[in-house]
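Asks: Show me how the following folds:
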Amino acid sequence: MPSGASTPAPATAAWAAAWAGDLQTASRLAREGPEDAANLGVLGVVEVLERRSEAAIERLSRAIALGGGEELVLHRTRALVHLGRLDEATRAFDGLIEGESFARRVVHSLVAVRRGQHWPSYGEWLRGVRASETYMNGFFATELPAAVGTVALDRASSPEALASLLERLLERMAGNLGPSPTVAETTPGGGRRFVPLLLPPTTRVQAVDALMSLRHLGPSAAERALAEVQRRNPRSVHARCYMGELYLWLGRYPEAMREFVLARSIAPARWADIGMLAVLIFRGHLRLARLAASYAERHHPFIPGGTLPVYRGVLRRRLADLDGAITDLHASLEAKPSRIGARMELVLALRAAGRRSEVMPHVEILLRDAAPVLLDAARALGYSGAPDSNREILVRDEVFEEALRSMRGNRSSSLVSWFDCSGQVRVLGVSDQRTSMCSSWSPTVP
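Replies: A predicted model of the protein is given here:
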């Protein structure tokens, strides 16, 4: 279900009727059309809004199988909650990886509350999550009070009352569970309009934005921006963890470890522990890194697309546990294929394990997506000449190893940075004429 900046953007007349609140017409139009993801999605969403949950789940399952997006998954999850099928509702989030949305946090919170995930008592749990920037990425601390009002949240004196509050919020959103949150209002003429739901940025959003400023403003500006987030939010785990990530990418490992330790002193955090694991790996403390990986496995449950398999795969390759490394790195790439560093690590692990027949697809992707990094690595090793005449050089193990060294601790899927031959930090995807130099290569050495 597509969403625009402030109002849902219907792809069909059926969606238009649904957005207008005319569910009967929406259903009729969808039934008249082909049984594709869009029309099945309309019918399923209407059934959710009408609390016909069994029918909605069946319809939305078919729509999702035909390519329906996250919004339909969230509607199906809500229907599962209405039927009390909470284990299924929890598992529904396993396939949702990229770009966590406000709507996802609303539905996820509803599932958590209905499951009774509040301890040691509901009152203590609610006070804790309302003060936490890490639980649901600060949803209860920042976004929910802005969406429903602090008074309404104060009055949610039981799990049932809080679940009802979340359901009422979903009713106000009127079926728009897309990436741009809106609420529906009635116009003076009796029609319906969607109004943007204005939400204050969480500390995580602020910290991510500051880290991403590396892309165009450079490392010094990113460091200053993160320092400003820390100044405004001195007890922010996110501000510390993302500063640690910046230092990890820059190879400033003692400073990265300091930030991760400080983050952990504020509150337990998955990325603080995984960040410390990464620092230990890249400083060569592999025995301690193995202990850190085991600790992270025990204390942080699996999440789709998480970073633990990435760095655990890096560690296992260095420990010559090639099968384990390949398993981890494959999993990390299946979740997020844009992890350039993890793909280089996987190529090296596959070759070391004698599985060279599996390498070529990954090499082709790297030549397409990471050409500037590989070219700089080749030059750092003393190779020169026209790329077309030396294309096989870029797929050598030593070039991949040098490329990984130039990336320092960066194994990110969202921003790939490295140090070029002159010692300057570069970011992949920022205007670089060298990218096209590898676009038509057909490497001959897998």
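Asks: pLDDT below threshold where in this structure?
Replies: Across the chain, the ranges flagged by pLDDT under 70 are 1-11, 97-99, 118, 385-390, 430-446.
Asks: Look up how far residue 182 lies from the residue in it sticking out farthest from the centre.
Replies: In terms of distance from the mean C-alpha position of the chain, residue 189 ranks first, at 41.2 Å (Cα atoms, centre = their mean). As judged by Cβ to Cβ, to the nearest Å, residue 189 and residue 182 stand 19 Å apart. (C-beta placed from N, C-alpha, C; glycine too.)
Asks: cool, and residue 351?
Replies: In terms of Cβ to Cβ, residue 351 sits 50 Å off from residue 182.
Asks: more crowded one of those two?
Replies: Between residue 351 and residue 182, residue 182 has the larger neighbour count (other Cβ atoms under 10 Å), namely 22 against 16.
Asks: okay, now the residue lying closest to that one once chain neighbours are set aside: neighbour count?
Replies: The shortest distance from residue 182 to any non-neighbouring residue, by Cβ to Cβ, 6 or more residues apart in numbering, is to residue 194 (4.0 Å). Applying other Cβ under 10 Å, we find 21 residues neighbouring residue 194.
Asks: Ok, residue 231 next?
Replies: 9.
Asks: Quick check: the nearest residue in space to residue 268 that is not next to it in sequence vs residue 404, distance?
Replies: Counting by Cβ to Cβ, 6+ apart, residue 299 is the residue found nearest to residue 268 once chain neighbours are left out, at 7.6 Å. Going from residue 299 to residue 404 by Cβ to Cβ gives 28 Å.
Asks: which residues touch stretch 139-156?
Replies: 102, 105-106, 109, 126, 129-133, 135, 161-162, 164-165, 168-169, 197-203 (Cβ atoms under 8 Å, 6 or more residues apart in numbering).
Asks: let's go with 7 Å and repeat that
Replies: By Cβ atoms under 7 Å, 6 or more residues apart in numbering, the list of residues contacting stretch 139-156 from outside reads 102, 105, 109, 129-133, 161-162, 165, 169, 197, 199-200, 202.
Asks: picking up where we left off before, which one of residue 299 and residue 404 is surrounded by more residues?
Replies: Between residue 299 and residue 404, counting by other Cβ under 10 Å, residue 404 is the more crowded of the two (22 against 10).
Asks: what about the more buried one, is that helix, strand or coil?
Replies: Here residue 404 is recorded as helix under DSSP: H, G, I helix; E, B strand; the rest coil.
Asks: And residue 116, its phi and psi?
Replies: phi 80, psi 30 (degrees, to the nearest 10).
Asks: thinking again about what came up before, what about the residue nearest to residue 182, distance to residue 361?
Replies: With Cβ to Cβ as the criterion, residue 194 and residue 361 are 43 Å apart.
Asks: Just the buried residues of the helix or strand that the residue nearest to residue 182 is a member of, please?
Replies: Using DSSP states H and E, residue 194 falls within strand 192-196. For strand 192-196, a neighbour-count test (16 or more other Cβ atoms under 10 Å) marks residue 194 as buried.
Asks: now do stretch 288-306
Replies: 289-290, 292-293, 296, 300, 305-306.
Asks: List of residues touching that stretch?
Replies: Here stretch 288-306 has contacts from 94-97, 270, 273-274, 276-277, 280-281, 308, 312, 315, 335-336, using Cβ under 7 Å, 6+ apart.
Asks: Cross the residues you listed against helices and list the overlap.
Replies: Of these, the ones assigned to helices by DSSP state H are 270, 273-274, 276-277, 280-281, 308, 312, 315, 335.
Asks: Show me the beta-bridge partners of residue 183.
Replies: With DSSP bridges applied, residue 183 shows beta-bridge pairing to residue 195.
Asks: which residues of the stretch 201-350 of the chain fall in helices?
Replies: With DSSP state H, counting those that start in this stretch, the ranges of helices along the stretch 201-350 of the chain come out as 203-212, 214-217, 219-232, 237-249, 253-266, 270-282, 286-299, 308-318, 322-335, 340-352.
Asks: quick one: the fourth one to helix 270-282, angle?
Replies: Orientation note: helix 237-249 sits at an angle of 20 degrees relative to helix 270-282 (axes from the mean of the first three to the mean of the last three Cα atoms, to 10 degrees).
Asks: packing partners for helix 237-249?
Replies: helix 203-212, helix 219-232, helix 253-266, helix 270-282 (3 or more Cβ pairs under 7 Å, 6 or more residues apart in numbering; DSSP states H and E).
Asks: try the last one
Replies: Packing contacts for helix 340-352, counted by 3+ Cβ pairs under 7 Å, 6+ apart, involve helix 308-318, helix 322-335, helix 360-369, helix 397-406.
Asks: Could you rerun that using 10 Å?
Replies: Judged by 3 or more Cβ pairs under 10 Å, 6 or more residues apart in numbering; DSSP states H and E, helix 340-352 is in contact with helix 308-318, helix 322-335, helix 360-369, helix 371-380, helix 397-406.
Asks: that older thread, identify the farthest-apart pair in the contacts of stretch 288-306.
Replies: 95 and 280 (31.4 Å; Cβ to Cβ).
Asks: Same question for residue 80, what's its three-state structure.
Replies: helix.
Asks: That one reaches residue 93, doesn't it?
Replies: No: counting by Cβ atoms under 10 Å, residue 80 sits too far from residue 93 to count as a contact (11.1 Å).
Asks: Tell me the residues that contact both of those two, please.
Replies: residue 111 (Cβ atoms under 10 Å, 6 or more residues apart in numbering).
Asks: So those two - more neighbours on which side?
Replies: residue 80 (23 against 18).
Asks: if you skip the residues just before and after it, what's nearest to the more buried one?
Replies: residue 89 (4.0 Å).
Asks: From residue 107, how far off is that neighbour?
Replies: From residue 89 to residue 107 the distance is 8 Å (Cβ to Cβ).
Asks: joint contacts of those two?
Replies: With Cβ under 10 Å, 6+ apart, residue 89 and residue 107 have common neighbours 76-78, 81.
Asks: follow-up on the earlier one: which among the contacts of stretch 288-306 gets closest to residue 35?
Replies: Distances from residue 35 to these, taken by Cβ to Cβ, are shortest for residue 95, at 22.4 Å.
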